[in-house]
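Student: structure of the sequence below:
(one chain, ligands or ions: 1)
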Amino acid sequence: MAARQAPAPALGPGATIGVLGAGQLGLMLALDARRMGYRVGVLDPSPLAPAVAVADFHVAARFDDAAASAALASRADVVTFELEHVALEAARAAGALAPARPSVEALAICQDRVREKTFLREHGVPTAPWLAASSAAELERAVATLGMPCLVKVPFSGYDGRGQVRVAGSADLEAAAALGFERGPLVVERLVPFASELAVLVARGVRGERRAYPVARTVHDHGILVEVSVPAPVPDAVADRAIALAESVAAALGLVGVLAVEMFVLERGEVLVNELAPRPHNSGHYTIDACATSQFAQHVRAICGLPLGDATLLAPAAMVNLLGDRRGPVRLAGIEDALAVPGTSLHHYGKAEAWPRRKLGHLTALGATAAEALERARRAARALRWESLPLHAGAPGPG
Ligand code: AMP
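Tutor: Got it, this is the predicted structure:
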């Protein structure tokens with residue numbers, strides 16, 4: 001597919017943004033886009049998906065439905081993605097009718113762990129040592145070569161720790177092989193003894209201009225992001241290196257929009273890239289409350305060809321995810337105590353149904369320092385709890 005060359009004129013308010021996906025990222029993107037005067041169409045299988053309630057129109061379809069993607073794009077001036085797990089045929093069908101930002105090529109790289117890691121290697125970006133394995137025998141050899149413990153990951157559609165098996169002994173190989181090789185080779189990665197994890201968000205515009213957000217510290221639990229605090233407590237040299245890596249990856253991808261780069265920092269300050277997300281990201285939710293331009297407004301500006309906004313952090317901040325702890329419809333209790341904690345704000349995604357560890361909302365807190373902000377966000381989160389709603393009681397809407 002020919003690369004799109006000279007950028008078209010900027011899309012102003014009144015233009016329509018088509019978004020593949022209508023989860024919480026789509027919700028927050030749509031809210032900022034609408035605030036700026038854009039129309040928003042979303043494609044998602046579920047009419048109850050969080051962004052549907054705030055979108056101008058909804059195409060109810062799966063992410064592999066090329067005809068439905070084309071229908072979305074035919075009503076849009078630009079198409080974007082709130083998730084990578086969109087079938088490439090569907091992304092291409094949309095991209096044939098409206099500019100896709102990020103490009104389908106960038107999406108193709110970031111949705112496949114093998115392609116992503118190969119791309120990083122080709123561009124000299126350091127990662128954890130890894131090998132691809134297409135069979136149980138190759139898997140065993142890869143683990144032997146890399147040394148245990150390893151993490152074995154599915155190439156597609158793994159997120160929030162799903163589709164991963166830790167291999168610490170030969171007894172774990174069977175469970176790792178059971179992930180399956182049907183959708184392409186598994187990624188076998190050496191488990192790196194990181195000192196901390198970082199995330200860098202960088203926006204890149206249609207003319208290649210870039211804005212990086214400050215480096216955030218992230219904490220995961222069993223592969224799922226639980227806490228973010230910013231600025232990250234790392235030496236300037238590490239922060240500079242992390243930002244330089246993220247900017248170089250965004251440029252190499254030719255990305256238009258926001259890119260999140262998740263990284264590991266080793267004891268001696270070495271920075272390794274773990275994963276790319278060519279879209280707004282959970283690690284950047286704090287930008288809504290703490291930055292001059294949120295990651296969502298920035299994404300809108302980038303994909304619409306507008307000047308990028310100021311990514312300055314206005315106050316140290318922290319975010320704690322609110323994860324489900326049960327199945328079924330729920331309501332949030334303890335809100336009075338949580339919001340009595342100074343500097344906190346609540347983001348509730350209004351999902352119709354909970355399940356254990358499902359992302360249902362987040363809390364952001366500001367503070368004089370990142371440590372104070374984190375303490376506040378944790379304190380507020382401790383005051384909250386989920387309560388089951390009777391079945392068929394109806395789910396609260398996002399409003
Ligand atoms: P991923 O699905 O690749 O984003 O991984 C989710 C989380 O699992 C990361 O944020 C880390 O906490 C952990 N993890 C993934 N890969 C590795 C690795 N090679 N070494 C150590 N921890 C890892």
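Student: now the closest residue to residue 196 other than its chain neighbours: how far from residue 189?
Tutor: In this structure, residue 196 finds its nearest non-sequential neighbour in residue 265, 5.2 Å apart by Cβ to Cβ, 6 or more residues apart in numbering. (Glycine included, C-beta is placed from N, CA and C.) Residue 265 sits at a distance of 17 Å from residue 189 (criterion: Cβ to Cβ, to the nearest Å).
Student: okay, the two: which has more neighbours?
Tutor: Neighbours were tallied for residue 265 and for residue 189 using other Cβ atoms under 10 Å; the higher tally belongs to residue 265 (24 against 21).
Student: mind listing what the more buried one touches?
Tutor: Contacts for residue 265 were tallied using Cβ atoms under 8 Å, 6 or more residues apart in numbering; they are 194, 195, 196, 197, 198, 234, 238, 242, 271, 272.
Student: what about residue 105, distance to the ligand?
Tutor: Noted for residue 105: a distance of 21 Å to the ligand, by Cβ to the nearest ligand atom, to the nearest Å.
Student: my guess is that residue contacts residue 255. True?
Tutor: No. Using Cβ atoms under 8 Å, residue 105 is not in contact with residue 255, being 9.9 Å away.
Student: so those two - more neighbours on which side?
Tutor: Each of residue 105 and residue 255 has its neighbours counted (other Cβ under 10 Å); residue 255 has more, 28 against 17.
Student: the more buried one against residue 205, yeah?
Tutor: No. Using Cβ under 8 Å, residue 255 is not in contact with residue 205, being 9.7 Å away.
Student: buried subset of the contacts of residue 265, written for ChimeraX?
Tutor: The ChimeraX selection below is limited to those of the contacts of residue 265 classed as buried (16 or more other Cβ atoms under 10 Å):
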select :194,196,197,198,234,238,242,271,272
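Student: any chance of the contacts of residue 265 in TSV with pLDDT, distance to the ligand and secondary structure as columns?
Tutor: Output for these, formatted as TSV (pLDDT from 0 to 100; distance: Cβ to the nearest ligand atom, whole Å; DSSP: H, G, I helix; E, B strand; the rest coil):
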residue	pLDDT	distance to the ligand	secondary structure
194	97	6	coil
195	97	11	coil
196	97	10	strand
197	98	5	strand
198	98	10	strand
234	97	16	coil
238	98	17	helix
242	98	14	helix
271	98	14	strand
272	98	8	strand
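Student: which residues in the stretch 101-250 of the chain form strands?
Tutor: According to DSSP state E, counting those that start in this stretch, the stretch 101-250 of the chain carries its strands in the segments 130-133, 150-153, 164-167, 186-190, 196-204, 210-212, 216-221, 224-230.
Student: looking at those, which is nearest to residue 45?
Tutor: strand 224-230 (22.3 Å; Cβ to Cβ).
Student: could you say what helices and strands the closest one packs with?
Tutor: With contacts taken as 3 or more Cβ pairs under 8 Å, 6 or more residues apart in numbering; DSSP states H and E, strand 224-230 sits against strand 216-221, strand 317-323, helix 370-383.
Student: and the ones you listed as TSV, adding distance to residue 348, mean neighbour count and mean pLDDT?
Tutor: Shown next, in TSV, are the helices and strands packed on strand 224-230 (distance: least, Cβ to Cβ, whole Å; neighbours: other Cβ atoms under 10 Å; pLDDT from 0 to 100):
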stretch	distance to residue 348	mean neighbour count	mean pLDDT
strand 216-221	21	19	98
strand 317-323	8	26	98
helix 370-383	13	20	98
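Student: what does the chain have sitting close to the ligand?
Tutor: 128, 151, 158, 161, 189, 191-192, 194, 197, 220, 223, 262, 274-275 (Cβ under 6 Å from any ligand atom).
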